[in-house]
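Trainee: Got a predicted structure plus its sequence, pasted below:
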Amino acid sequence: PVEVIRTDYKPLKWIVKEVELEFRLFDGYTVVDSTLIIGKNPNAADDDHNEYEGLVLNGDETNVKLLSLSKDDVNLTRDEYDLSPGKLIVSNVQEGSVVKMTVEIVPEDNLQLSGLYKSGGMFCSQCEAEGFRRITYYPDRPDVMATFKRVRIEAEKAKFPVLLSNGNLLEEGDCEDGKHYAVWHDPYPKPSYLFALVAGDLGCMSDTYMTKSGRKVDLKFYSEHGNVSKLRYAVESLKRAMKWDEDTFGLEYDLDLFNVVAVESFNMGAMENKSLNVFNISCVLACPITSTDANYQRVEGIIGHEYFHNWTGNRVTCRDWFQLTLKEGLTVFRDQQFSGQVNNSAAVKRIEDVLVVRGRQFNEDAGPMSHPIRPDSYVAMDNFYTATVYRKGAEVIRMYDTILGSKGFRAGMDLYFKRHDGQAVTCDDFLAAMADANNVDLSQFARWYSTSGTPTVTYSSSFDAEKGLYQLTLSQSSRSDEPLFIPVAVGLMDKESGEEVVSTVILELKEAKQTFDFSDLKGNVVPSILRNFSAPVKLVPASDIDESELAFLACHDTDGFNRWDSAQRLYTCAILKVMGQEESKSTIDLVHQTFGKTLTDETISDDSIRAYALKLPSESTLAESVEVIDPPAIHLARKLVMTMIARTFQDQLMSCYNKLTALIEKDGAEFNVDGVSVGRRRLRNVCLAYLCSIVDTAEEQSTAAALATRHFESATGMTDKLSAFNILVSMRGGGEEARDAAIKKFYEDANGDPLVLDKWFASQASADLPDIIERVKNLVAHPDYSLEKPNRCRSVIMSFTMNEAHFHDASGKGYEFLGEMLEKLDKVNPKVAARTTAGSLIGWKRYGDERAKKMKIQLEKLKALPRISNDLSEIVAKGLK
Ligand code: HT7
Ligand code: ZN
């Protein structure tokens, strides 16, 4: 495997200016003809030391069979071009040379789902990052932006009535032998990774959107015929996203047609191909019976995300793949803002996003896959579509917004588009636009792009009552040799009254240590630091944590995010003390005070906020707070604290549950995903989880099982049904019968729906049962299980690896099972195998010697596989370092 190094970037000497493609889709194979108009790269100076003189085309020879090649209408013989693994070099090209070729591919055999492949009966493509080279030979890199002048698709009409590609439909018609064709033209030059093709027998939901400058855009959403009605929410989400981007950034859609296609077999969530977005069905289909509120939110967020890429990614793209965060970090930030501003409360959305950063990105950054948001090297680019590039990348963009203010940020965005529309650029170009538009020096801020790891900000304070002076000292430590520019949002709360006396200010922490003064205070204060999670850092006190301050903020903070966060930190203290068998009475008392106040405080108007503030931190979040992770111990301690709280507040929880049930029933049958309805369901389900955690005796088990069963059976939508199911699958003793009945019923109700079956598998793989490994083995032997469907694979294997207490069973059986699965999966879909490994085995160093040894054995076994893929071998090699 070849390692690509960021600083080795060189522009190509020869590029493609225009391209024509013809796809003839046969049963069992596809023929692809291409015509490339070649030009000299204006971005390559004559003295650039290009590696090659000729036209360099990438191609995956294991997937693409070259049938013929010509230059300027003269067939080239084998000695007139250089074909080596991964590359085809055509020499003696000039400005305007015409290179033509014909290749054959077999989409039916393409189980990696990169390039052109089949999902069910339909053809679809996935070209990012380097899939186009699995379709034909081409300069498959993002800095080659060509006009795709004509893309002709020909296929059997009865089986593939819908033929789609990027841009506008130029022509369509019938051919002989029951075939038909369509010709597409995309006026916007684009890199090959944004090319897409779809052919299938699909149903369509159509709508229109009028842009603010009066362009009428046809919106066409395609799926299997039976699922068309489930596209409505995605269509409405798209219209909201189009409007939001116009209102917020002045960005309009630039073609008359926008297509979206739902595909079952897909490696990731969705893909922003120009005017032809392709979506995993899990991110586009939604209906109350099959989708949870979280599913609806995901549809809205990802529809927004892919649409926003039209400007941040497509119109302005990346020069090379090291710049991936340029488009992904920025677009995630944009989709987060969109979701927070449309429908949902901004604080709730912020909590949800920070949970992902802390739960996944911090963990990634603490392990062997740690990398800066702009990585320095890669072997398989697909391994770098990471939480760091996406989520930490979005936090970095958010910091520009925090530092410059929303007006300054908008000015920076405007300048970025003015300078770079139609170009392939770098993260430095983005930073320069932000700096120049605001006339500020952001050179220190640039360190965020090259620094891996999670920085720590330490705080201490003093108060001089006589002077009314409060001094807050912040210091930073990170892997950067020089200090980072960290915006720290701070507010001050009066200790006596609980009122906010200093509202949010942004402190610019630019040195290793800085003291900030707050004067004219009437009394001592409690600081609320890092409000709204203003920087992706760990915040720690210089001395022992003050639990009563946490309880104070959890009850009084006016910043919704920090109020929630303080409660989380307090719960964490309690759980860790229980785990370490330390004296915990005073902490538990504070937890009870906080929980009781949160449950009943009438000033909390949003039930989602209340629900999140009542929930204990997840096991993976708790793992971030310990040196050596012992998952069963974390699991047990969390469970003990949960049950303790549930017993203390059993009556209040039950009455809250009943009150919400009455409100929900009063609303009647109509299903809504507005903030109020979602909040009610969320809070009611949190109450249910607490109530059902009281299961120490057989009698309590049957009581809990009866409550969960009632919830399950009376559920009118998937949110409630799945919440109850997730509880029922772990029932033991007096709850076993209810558990088995629910498993049977959920399966029957699914009636073969793949997204519901995924939930059925995932929930069982996440169960807290002593024989879980045997159960998971049975799940992978189930007739509905398939390694060839990434969603199904994730629902069992990834869910099991996230079932930390059992996956990390001291016997090592969980690791052995995973090792066997990965060996099989790597032969089918190496990209999913690599992702699963990155998310599970490679963090072994943090799990203590005994577990580490056993996890490592599995990595060694994978390393020794005779035909391990590049994708997996990169992760395994990093994991073993
Ligand atoms: N830009 C898209 C990335 C993507 C992808 C990457 C590698 C392999 C398969 C893939 N499918 C989609 C998705 C996005 O961030 O919008
Ligand atoms: Zn994206």
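Mentor: All right, it came through fine. Ligands and ions are numbered 1, 2, ... in the order given.

Trainee: give me phi/psi at the residue in the stretch 501-650 of the chain that ligand 2 sits nearest to?
Mentor: Ranking the residues of the stretch 501-650 of the chain by distance to ligand 2 (C-beta to the ion) places P536 first, at 18.5 Å. To be clear about C-beta, it is placed using only N, CA and C from the backbone, and glycine gets the same treatment. For P536, the backbone dihedrals (degrees, to the nearest 10) come out as phi -80, psi 70.

Trainee: which residues sit in contact with it?
Mentor: Residues in contact with P536 (C-beta atoms under 8 Å, 6 or more residues apart in numbering) are V357, Q361, K392, E395, V396, T454, P455.

Trainee: Please list the residues of the stretch 351-500 of the chain that sit near ligand 1.
Mentor: Selection of the stretch 351-500 of the chain residues close to ligand 1 by C-beta under 6 Å from any ligand atom yields D382, Y385.

Trainee: So out of everything in the stretch 351-500 of the chain, what residue is nearest ligand 2?
Mentor: Y390 (7.2 Å).

Trainee: L251 should be in a strand, yeah?
Mentor: No: L251 is assigned coil when assessed by DSSP: H, G, I helix; E, B strand; the rest coil, not a strand.

Trainee: Could I get the contacting residues of it?
Mentor: D245, N310, W311, F417.

Trainee: Between those residues, which sits nearest ligand 1?
Mentor: N310 (11.1 Å; C-beta to the nearest ligand atom).

Trainee: can you tell me which of the contacts of P536 are in helices?
Mentor: Residues of the contacts of P536 located in helices (DSSP state H): E395, V396.

Trainee: my guess is K179 contacts K159, does it?
Mentor: No: using C-beta atoms under 8 Å, K179 is not in contact with K159, being 10.1 Å away.

Trainee: What pLDDT does the model give the closest residue to ligand 1 within the stretch 151-300 of the chain?
Mentor: For the stretch 151-300 of the chain and ligand 1, the shortest gap (C-beta to the nearest ligand atom) falls at M268, measuring 3.6 Å. According to the prediction, M268 has pLDDT 98.

Trainee: and if you look at A669?
Mentor: Looking at A669, the pLDDT reads 71.

Trainee: what number of residues lie near N751?
Mentor: Close neighbours of N751, defined as other C-beta atoms under 10 Å, add up to 9.

Trainee: can you start the count at 24 instead of 1 from here on
Mentor: Fine by me, first position is 24 from now on; the one you just mentioned is N774.

Trainee: do you know how far it is from T313?
Mentor: Using C-beta to C-beta, to the nearest Å, N774 is found at 10 Å from T313.

Trainee: Mind exporting the C-alpha coordinates of the helix or strand in which K123 is found to CSV?
Mentor: Using DSSP states H and E, K123 maps to strand 121-128. Taking Å, rounded to 0.1, in the frame of the first residue of the first chain, the C-alpha atoms of strand 121-128 are listed here in CSV:
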residue,chain,number,x,y,z
VAL,A,121,-8.9,13.8,-28.0
VAL,A,122,-8.5,10.6,-26.0
LYS,A,123,-11.1,7.9,-26.4
MET,A,124,-11.5,4.6,-24.7
THR,A,125,-13.8,1.7,-24.1
VAL,A,126,-13.8,-0.3,-21.0
GLU,A,127,-15.9,-3.1,-19.5
ILE,A,128,-17.0,-3.3,-15.9
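
Trainee: The very next helix or strand once past that strand near ligand 1 anywhere?
Mentor: For strand 121-128, the succeeding helix or strand toward the C-terminus, using DSSP H and E, is strand 138-142. No: using C-beta under 6 Å from any ligand atom, strand 138-142 never reaches ligand 1; the gap is at least 10.7 Å.
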